[in-house]
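Engineer: When you get a sec, could you give me coordinates for this:
(2 chains)
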2 protein chains.
Amino acid sequence: MQLKNALYAQSGGVTAVINATACGVIQTARKHKDRIGKVYAGRNGIIGVLAEDLIDTGKETARDIARLRHTPGGAFGSCRYKLKGAEEDRAQYQRLIDVFRAHDIGYFFYNGGGDSADTCLKVSRLSGHLGYPIQAIHVPKTVDNDLPETDCCPGFGSVAKYVATSMREAGIDVASMARTSTKIFVLEVMGRHAGWITAACGLAADKEGDPPHLMLFPEIAFDQAKFLARVNDCVERFGYCTIAVSEGLKGADGRLLAESGLRDAFGHAQLGGVGPLIAKMIKDQLGYKYHWAVADYLQRAARHIASKTDVEQAYRVGEAAVKFALRGMNAVMPAIVRISDQPYRWKIAAADLTNVANREKMMPRDFISRDGFGITDKCRRYLAPLIAGEDYPPYRNGLPDYVTLRNVAVPRRLAGEFRL
Amino acid sequence: MQLKNALYAQSGGVTAVINATACGVIQTARKHKDRIGKVYAGRNGIIGVLAEDLIDTGKETARDIARLRHTPGGAFGSCRYKLKGAEEDRAQYQRLIDVFRAHDIGYFFYNGGGDSADTCLKVSRLSGHLGYPIQAIHVPKTVDNDLPETDCCPGFGSVAKYVATSMREAGIDVASMARTSTKIFVLEVMGRHAGWITAACGLAADKEGDPPHLMLFPEIAFDQAKFLARVNDCVERFGYCTIAVSEGLKGADGRLLAESGLRDAFGHAQLGGVGPLIAKMIKDQLGYKYHWAVADYLQRAARHIASKTDVEQAYRVGEAAVKFALRGMNAVMPAIVRISDQPYRWKIAAADLTNVANREKMMPRDFISRDGFGITDKCRRYLAPLIAGEDYPPYRNGLPDYVTLRNVAVPRRLAGEFRL
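Structural biologist: Below is the predicted model:
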């Protein structure tokens, strides 16, 4: 067997557990030194590959690589950059081959979401079209949980645990204050196209009347009158009302509420997101005192409250990616296959990348309650195992002790710069 | 010794650990059944006392009372309600006495911040002015950390741990993305008058260049030109810039930035807080892509990442309040006295309530760096021990398992309603 080097890169929005996947890739590769030589990483994802700005992960200690498992964010840097088709921009692909050849790369592991799956698929075809032998494996990652072919996406379970916990905690706070003060609490969460994260907030409720009382999904066109009637009903019944809203909430006209609404004195779209907009709408129409929170990056970086299931799956897809490569596979993705809900059992299988790239998995309509403001039991059965278990990072001086890698550059072998 | 009942009430904004104080009060009182009969709680704070809407904590199991220690929010309900002076509204005080007498209350424990200390002080004077023997003990609680006479305030340490952790995590996320995407991240935190919580964000940084790069304190008038120059410098040096901003940030004119700025098309003050305002200012002036988060109630309800030191202190002030009462004390507050920074050692001592009520402890100027954008080593030494240690709640189905008490009402003994 020929000894080839591996190249790993992180892509798109990072998560609390993408480094756990990196840990899985690197630790597994290190166990197969007869087949895999160096493990390089692209600095800032595919951009680092194009720029021949590679990191030698061999310069990191085993201890620091192990610490990746509990460190959020992208330890090698990520990027938002989509390769064009090989027909449109042949120079980019030629450059990738030049870099691969210069560093004797035989395995390419690309860790990202739907756009990255597309990039990875294009790289996998270099093998055929451009005559350079490369095995490209896509490793799934996205808090949006919208990749097809896999039951869930590493990164999502930890966001789900964070938003459900935050909703439960803030809900208890509001319930305490509602008699004389805040009666409305709105939590805005991520998920522009699919309501998976919004739905996860619903796990906070164990029984009717528990927060969140209402959920606003991007899949359901916002109906102001119906919504306000429900808010009022909720305050009358329970004394307060808590709401989870997706940043991607749209009106009946299909426009994002956050962008369709108010403008400031200079005509700029208003600053806040849809969370404050919904809160103020309630205040203006119903008169209730409100608070709102926008969790933004806090939700996807919250490694301190990661789901143990999610961390394990993130590690395992990294490990499986290397095993697939060693089996000679190309243009595949390790997908999570659910065997049973309760007890939760799952395995990893190879999915064909052509079925993954550029396709979004939306939330099924029967995961949302008929009235559009809640989740169904079916949705709950799907979500519940994904947030199960705690996996605390170590702490030092009262704070999570996350690793910063040395990220030593690999000496360049190519002359000249490549312009992105 | 005479057997008297005790009345405990929660006041003002709740915290992640105010129920740990309730736990301390109730468990300690239960150990002294020879002196303290029933322990009642006001439903929604002092309002429940005025309305004779009391809760019998004796109806709760020992296990549920123990679970208060790890449950955020106010288990008996809180309120924002300030008693007037006895000269202004004698009827209210007469009503308190009527309720106390009807339920044989000898000990009053009021758990709150500065306003509540004032209420508690007024109640303590009932003893003298109105001839009803009552011992009123104020039990400190406020995330704002602005009570005098005590080294720190229960509730603050856990918010501090939450915001520092969140800043560290989001900072790692932004650093990963900065090459092609988000370069600016703004986290808005609580603390309208004092910058304690903003300062706590600074604990996230271990060395120069670590997030947060800049802090905007309510104590330092905002200087836009100076600030933007620092942001630009930071992006040039580190590739990105993370900022912690207090909701109470003010301009040179003393007005809150969040209120002095933009108005929407209808002339309403803009929806977002100061966090989005600062983020958009950077985008408009410097052109950098931004993200922002407003943690709001999430920060003060985040029991899942409470500081062990804070939980312990919250419990201990509750315990001490009961012990003070048993020693016959009135108009006092258990205060936390720092003995040493490192190792951190502290004790509890009685502070005179007249020195506590209606006074705010501001952050010393020498806790803020000379340039106004950071914290000093002195500040760090003060803050560090307050976030030390973890105290995880138990989990069930992937979420923190918080208690909801039965909150059984005490039968009323007074005829007629009291109008608040």
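Engineer: how far away is the residue nearest to residue A:375 when sequence neighbours are not counted from residue A:341?
Structural biologist: Take residue A:375 and drop its neighbours on the chain: the residue closest to it by C-beta to C-beta, 6 or more residues apart in numbering or on different chains is residue A:202, 4.0 Å away. Glycine gets a C-beta too; all of them are placed from N, C-alpha and C. Going from residue A:202 to residue A:341 by C-beta to C-beta, to the nearest Å gives 16 Å.
Engineer: low-confidence ranges in the stretch 51-200 of chain A?
Structural biologist: Within the stretch 51-200 of chain A, no stretch falls below the threshold (pLDDT under 70).
Engineer: Please identify the residues of it in proximity to chain B?
Structural biologist: A:71-75, A:77-81, A:161, A:164-166, A:168-170, A:172-177, A:179-181, A:185, A:187 (C-beta under 8 Å from any C-beta of the partner chain).
Engineer: Would you mind telling me which of residue A:202 and residue A:341 has more residues around it?
Structural biologist: With neighbours defined as other C-beta atoms under 10 Å in any protein chain shown, residue A:202 and residue A:341 compare such that residue A:202 has more, 28 against 13.
Engineer: pretty sure that one contacts residue A:380?
Structural biologist: Yes. With contact defined as C-beta atoms under 8 Å, residue A:202 reaches residue A:380; the gap is 7.2 Å.
Engineer: what about the strands in chain A?
Structural biologist: For chain A, the strands defined by DSSP state E occupy A:4-10, A:36-42, A:54-56, A:105-112, A:135-140, A:184-189, A:214-216, A:241-246, A:290-294, A:332-340, A:345-352, A:395-396, A:399-400.
Engineer: Can you tell me the strand partners of the fourth one and which way each runs?
Structural biologist: Paired with strand A:105-112 in the same sheet, following DSSP bridges, are strand A:4-10 (parallel), strand A:135-140 (parallel).
Engineer: Mind listing what's buried along that strand?
Structural biologist: A:105-112 (16 or more other C-beta atoms under 10 Å in any protein chain shown).
Engineer: and that strand, C-alpha only, in CSV?
Structural biologist: The C-alpha trace of strand A:105-112 is given here as CSV (Å, rounded to 0.1, in the frame of the first residue of the first chain):
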residue,chain,number,x,y,z
ILE,A,105,-2.2,14.4,-0.6
GLY,A,106,-4.2,11.3,-1.2
TYR,A,107,-7.1,11.9,1.2
PHE,A,108,-9.2,15.0,1.5
PHE,A,109,-11.6,15.4,4.4
TYR,A,110,-13.9,18.3,4.2
ASN,A,111,-15.9,19.1,7.3
GLY,A,112,-19.0,21.2,6.6
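Engineer: Next, the angle from the lengthiest helix in chain A to strand A:135-140.
Structural biologist: Scanning chain A for the longest helix, with DSSP state H as the assignment, gives helix A:156-177. On the basis of axes from the mean of the first three to the mean of the last three C-alpha atoms, to 10 degrees, helix A:156-177 is oriented at 10 degrees to strand A:135-140.
Engineer: So which residues of the stretch 151-300 of chain A form helices?
Structural biologist: Listed from the start of the chain, the stretch 151-300 of chain A has helices (DSSP state H, counting those that start in this stretch) covering A:156-177, A:196-201, A:224-238, A:257-260, A:274-286, A:297-301.
Engineer: just the angle between the first one and strand A:241-246, please?
Structural biologist: Orientation note: helix A:156-177 sits at an angle of 150 degrees relative to strand A:241-246 (the same axes, to 10 degrees).
Engineer: how far off helix A:224-238 does helix A:156-177 point, in degrees?
Structural biologist: Taking the same axes, to 10 degrees, one finds helix A:156-177 and helix A:224-238 inclined to each other by 60 degrees.
Engineer: what's the offset of helix A:156-177 from the middle of its chain?
Structural biologist: Chain-centre distance of helix A:156-177: 19 Å, with C-alpha atoms, centre = their mean, to the nearest Å.
Engineer: tell me what it is packed against?
Structural biologist: Secondary-structure packing of helix A:156-177 (3 or more C-beta pairs under 8 Å, 6 or more residues apart in numbering or on different chains; DSSP states H and E): strand A:184-189, helix A:196-201, strand A:241-246, strand A:290-294, helix A:297-301, helix A:308-326, helix B:297-301, strand B:399-400.
Engineer: run the last query once more with 6 Å
Structural biologist: strand A:184-189, helix A:196-201, helix A:297-301, helix A:308-326, helix B:297-301 (3 or more C-beta pairs under 6 Å, 6 or more residues apart in numbering or on different chains; DSSP states H and E).
Engineer: coming back round to it: out of the strands of chain A, which is closest to residue A:317?
Structural biologist: Closest to residue A:317 of the strands of chain A is strand A:332-340 (C-beta to C-beta; 4.5 Å).
Engineer: Buried ones in that closest one, by neighbour count?
Structural biologist: A:332-336.
Engineer: same thing with stretch A:131-148?
Structural biologist: Buried residues in stretch A:131-148 (16+ other C-beta under 10 Å): A:132, A:134-148.
Engineer: Pick the one among those residues closest to residue A:247.
Structural biologist: Scanning these for proximity to residue A:247, where the rule is C-beta to C-beta, the winner is residue A:144, at 11.1 Å.
Engineer: how about that closest one, phi and psi?
Structural biologist: Backbone torsions of residue A:144, given as degrees, to the nearest 10, read phi -70, psi -10.
Engineer: tell me the contacts of it?
Structural biologist: Taking C-beta atoms under 6 Å, 6 or more residues apart in numbering or on different chains as the criterion, residue A:144 is in contact with residue A:191.
Engineer: And it, how far from residue A:105?
Structural biologist: Counting by C-beta to C-beta, the gap from residue A:144 to residue A:105 is 29 Å.
Engineer: Could you give the number of residues near residue A:257?
Structural biologist: If you count neighbours by other C-beta under 10 Å, residue A:257 ends up with 22.
Engineer: thought it was touching residue A:274?
Structural biologist: Yes. With contact defined as C-beta atoms under 6 Å, residue A:257 reaches residue A:274; the gap is 4.9 Å.
Engineer: between those two, what contacts are shared?
Structural biologist: Counting by C-beta under 6 Å, 6+ apart, the shared contacts of residue A:257 and residue A:274 are residue A:249.
Engineer: circling back to that earlier point, output the helices of the stretch 151-300 of chain A in a markdown table; the columns should cover distance to residue A:409.
Structural biologist: Below are the helices of the stretch 151-300 of chain A laid out as a markdown table (distance: least, C-beta to C-beta, whole Å):
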| stretch | distance to residue A:409 |
| --- | --- |
| helix A:156-177 | 31 |
| helix A:196-201 | 36 |
| helix A:224-238 | 53 |
| helix A:257-260 | 40 |
| helix A:274-286 | 41 |
| helix A:297-301 | 26 |
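Engineer: Out of those, which gets nearest to residue A:48?
Structural biologist: That would be helix A:297-301 among these, by C-beta to C-beta, at 21.4 Å.
Engineer: which residues are contacting the closest one?
Structural biologist: A:15-16, A:72, A:143, A:159, A:162-163, B:166, B:169-170, B:173, B:291, B:293.
Engineer: Highest neighbour count among those?
Structural biologist: residue A:15 (37 neighbours).
Engineer: can you tell me which residues contact the closest residue to that one other than its chain neighbours?
Structural biologist: Nearest non-adjacent residue to residue A:15, counting by C-beta to C-beta, 6+ apart: residue A:155, 3.2 Å away. Shown in contact with residue A:155 (C-beta under 6 Å, 6+ apart): A:15, A:17, A:141-143.
Engineer: which of those residues lies closest to chain B?
Structural biologist: residue A:15 (8.7 Å; C-beta to the nearest C-beta).
Engineer: these two touch, right, the closest one and residue A:143?
Structural biologist: Yes. Checked against C-beta under 6 Å, the pair residue A:15 and residue A:143 is within contact range at 5.4 Å.
Engineer: Could you find the closest non-adjacent residue to residue A:288?
Structural biologist: residue A:183 (4.3 Å).
Engineer: That concludes my questions; thank you for your assistance.
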